[in-house]
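[1] here's my sequence, what's the structure:
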Amino acid sequence: MKYILVTGGVLSGIGKGIIASSTAMIMKAMGLRVTSIKIDPYLNIDAGTMSPFEHGEVFVLNDGGEADLDLGNYERFLDASLNRDNNITTGKIYNLVIEKERKGLFLGRTVQVVPHITEEIQSWVERVAHVPVDGTEGTPDVCIIELGGTVGDIESMPFIEAMRQFQFRVGAENFCLMHVSLVPVIGVVGEQKTKPTQQTVRELRSLGLSPDLIMCRSSQPLTQDTQKKISLFCHVAPENVIGVHDVSNLYRVPLLLYQQNTTNIIINRLKLTPKVDLHQQETGSAMHKDQSAHLLVNQSIPYWLDSWKAIADTMDRINNEGGPVRIAMVGKYTGLTDSYLSVIKSLEHASMKLNRKTVIDWIEASDLEPAKSGLTDFSSEKHDRAWELIKNCNGVLVPGGFGDRGIEGMILAANYARINNKPYLGICLGMQVAVIEFARNVVGWTGANSEEFGKGTKNVVVFMPEVSKTHMGGTMRLGSRDTIFNDVDCKIAKLYGVQKVGDAVEERHRHRYEVNPEVIDEIDKKGLHFVGKDTTNVRMEIVELKEHDYYVGVQFHPEFKSRPLRPSPPFVGLVQACIDQLAKKSSTPTKQ
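    Numbering: from 1, shown residues only. This next block holds a predicted model:
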């Protein structure tokens with residue numbers, strides 16, 4: 001087993017996850033079997049109880065694990081299915097050690113951070129690294145480990161120490177360290193500053209870890225002088241200082257790493273044996289001097305990266321003829337777009353498949369609500385702007401969320417989309433909102449609401465009976481579950497390729513409320529059809545308004561399984577419906 005550890009310095013959020021994912025993708029493209037582990041040094045057991053404003057989206061895995069959003073990047077880049085154990089937190093490690101202590105497994109010894117916590121971390125990494133995630137048997141060849149946070153953080157110290165010990169435990173020939181740093185560009189002339197990188201590497205080395213590669217994030221390509229200076233002061237070869245500058249899209253990052261010989265550096269460092277012919281004729285030109293970077297850069301791309309290059313090229317040249325498809329995202333956490341990262345990526349994947357650019361218009365759901373008595377933060381300017389976006393968009397998307405803030409705004413958005421035949425996709429809460437809106441305005445239950453909000457006279461959405469009301473973490477309906485189609489004469493069935501009643505699709509869930517089974521017959525009679533249910537035929541999974549161009553709600557989260565080359569069907573349906581409507585409008589003669 002070969003291990004590649006990715007650490008970060010200077011500040012958080014500079015791209016460790018994308019660099020780790022890109023490295024993993026390159027290793028896989030070389031024919032190696034790869035797995036990934038993300039270490040989060042917070043005390044939470046997992047990300048499940050954390051606010052999206054605090055930490056971005058909670059990514060749900062097949063086994064129901066609620067994890068950091070970086071695991072979503074790994075899955076999308078690797079096209080793999082990770083498990084809850086692929087995400088390590090301080091809370092998980094301490095919980096495990098304390099449980100062992102309570103059982104008397106330390107035989108009366110004093111339990112300490114060193115060696116007990118650090119040994120548990122190492123054992124966890126070694127155990128999980130040997131578990132395949134690509135659907136085949138056998139041990140992976142390479143494990144990419146990303147250590148969250150920044151070197152020097154107090155909470156990261158046990159993990160840094162564990163990795164210091166781990167390099168000797170597995171052997172130097174099996175351990176490679178990539179350190180991601182920031183090279184800021186200062187002044188009008190664009191001077192690249194190396195001091196932050198020098199300091200973070202010095203701190204890392206003082207803790208017993210010395211980087212094999214330094215990945216320099218910068219807005220501009222690294223100059224040769226900057227590369228030499230970092231090499232001189234950070235004790236690495238000049239060619240091991242890799243520039244990771246801003247690119248046109250994230251799918252170009254693996255190609256950027258390859259073009260700077262990162263592949264060969266890692267292969268030689270870990271004595272890996274690729275399953276592809278690295279010397280086979282490559283596409284494109286051989287070598288040329290990048291004048292902006294003053295570096296000799298290999299611009300050609302090997303055959304085994306052709307499919308990934310095609311993705312990056314497609315993303316750059318998505319057709320914008322006739323204007324972009326504008327999707328109004330009506331959410332509760334729009335202040336931090338990472339809260340909806342997988343939804344954004346799913347729309348991106350659908351765009352690539354359909355060769356049509358999509359643009360997201362972010363709408364805070366509460367801004368759609370009218371002025372209320374006692375509402376001190378109401379802004380008529382924000383209200384008017386939100387409704388202008390709704391009216392001018394091509395499609396409406398209401399994603400998942402919790403709590404009653406902004407719910408009435410979501411209901412108004414669903415109502416506008418339904419009445420005006422505007423393509424609509426509701427995910428989790430977005431589906432429940434669509435049911436509430438339909439029950440109020442079509443069925444006639446004016447007091448229809450969700451039990452979650454506790455304000456209605458008729459709860460069409462109720463608390464799931466088996467879910468805990470006292471504990472929050474890991475108690476929802478989580479993970480991959482089957483949805484059985486009871487109707488194939490609908491748009492969503494065709495998108496999934498379902499041809500006969502009883503066929504199933506597998507998607508991931510994360511919810512503690514569900515559509516009330518007692519009301520579905522009356523709602524269905526009025527035209528909102530429950531075309532997909534769970535295996536018990538009790539839980540509603542998919543609703544569709546058939547006479548509408550595209551009005552679909554799903555209880556599951558299809559965004560978690562969307563991949564660049566296999567976009568999620570509900571998202572493809574939304575974007576396609578918008579394109580079709582735009583095409584109809586452009587072909588309709590203008591009235592004189």
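[2] what about residue 104, which SS state?
    For residue 104, the assignment made with DSSP: H, G, I helix; E, B strand; the rest coil gives coil.
[3] how far away is it from residue 113?
    As judged by C-beta to C-beta, to the nearest Å, residue 104 and residue 113 stand 20 Å apart. No exception for glycine: its C-beta is placed from N, CA and C like everyone else's.
[4] neighbour count winner among these two?
    Set residue 104 next to residue 113 and count neighbours by other C-beta atoms under 10 Å: residue 113 wins out with 13 against 8.
[5] grab the nearest non-local neighbour of the more buried one.
    Among residues not flanking residue 113 along the chain, residue 158 sits closest, at 5.5 Å (C-beta to C-beta, 6 or more residues apart in numbering).
[6] number of nearby residues for the one you found?
    The burial count for residue 158: 19, using other C-beta under 10 Å.
[7] do the same with residue 79
    For residue 79, the neighbour count with other C-beta under 10 Å is 15.
[8] list the contacts of it.
    563, 565, 566 (C-beta atoms under 8 Å, 6 or more residues apart in numbering).
[9] gap between it and residue 311?
    Taking C-beta to C-beta, one finds residue 79 at 11 Å from residue 311.
[10] now do residue 500
    As for residue 500, its distance to residue 311 is 33 Å (criterion: C-beta to C-beta).
[11] what's the neighbour count on the closest residue in space to residue 47 that isn't next to it in sequence?
    Nearest residue to residue 47, sequence neighbours excluded (C-beta to C-beta, 6+ apart): residue 58, at 4.8 Å. Residues lying near residue 58 (other C-beta under 10 Å) number 23.
[12] how about residue 488?
    Residues near residue 488, counting by other C-beta under 10 Å, number 16.
[13] show me the shaky parts of the stretch 301-450 of the chain.
    373-376 (pLDDT under 70).
[14] sorry, back to before: now the residue nearest to residue 113: phi and psi?
    Note on residue 158: its backbone torsions stand at phi -60, psi -30 [degrees, to the nearest 10].
[15] also residue 105?
    Taking degrees, to the nearest 10 as the convention, residue 105 sits at phi -80, psi -10.
[16] how about the residue lying closest to residue 138 once chain neighbours are set aside, what does it touch?
    Spatial nearest neighbour of residue 138, chain neighbours left out: residue 132 (6.2 Å); criterion: C-beta to C-beta, 6+ apart. Residues in contact with residue 132 (C-beta under 8 Å, 6+ apart) are 33, 35, 138, 139, 140.
[17] elements contacting the helix or strand containing residue 329?
    Element membership for residue 329 (DSSP states H and E) is strand 325-331. Taking 3 or more C-beta pairs under 8 Å, 6 or more residues apart in numbering; DSSP states H and E as contact, the helices and strands that strand 325-331 lies on are helix 341-354, strand 358-364, helix 380-392, strand 395-398, helix 407-419, helix 569-587.
[18] for the stretch of helix or strand residue 311 belongs to, name the packing helices and strands.
    Using DSSP H and E, the element containing residue 311 is helix 306-316. Helix 306-316 is packed against helix 253-259, helix 341-354, with contacts defined by 3+ C-beta pairs under 8 Å, 6+ apart.
[19] dump the following helix or strand past the shortest one to PDB, keeping only the CA atoms.
    Elements were assigned by DSSP H and E; along the chain past helix 253-259, the next helix or strand is helix 262-270. Taking C-alpha atoms only, helix 262-270 is exported to PDB below (Å, rounded to 0.1, in the frame of the first residue of the first chain):
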ATOM      1  CA  THR A 262       3.800  15.500 -11.000                       C
ATOM      2  CA  THR A 263       2.900  12.000 -12.200                       C
ATOM      3  CA  ASN A 264       6.500  10.900 -12.700                       C
ATOM      4  CA  ILE A 265       7.600  12.500  -9.500                       C
ATOM      5  CA  ILE A 266       5.100  10.500  -7.500                       C
ATOM      6  CA  ILE A 267       5.700   7.300  -9.400                       C
ATOM      7  CA  ASN A 268       9.500   7.500  -8.800                       C
ATOM      8  CA  ARG A 269       9.000   8.500  -5.200                       C
ATOM      9  CA  LEU A 270       6.700   5.600  -4.400                       C
END
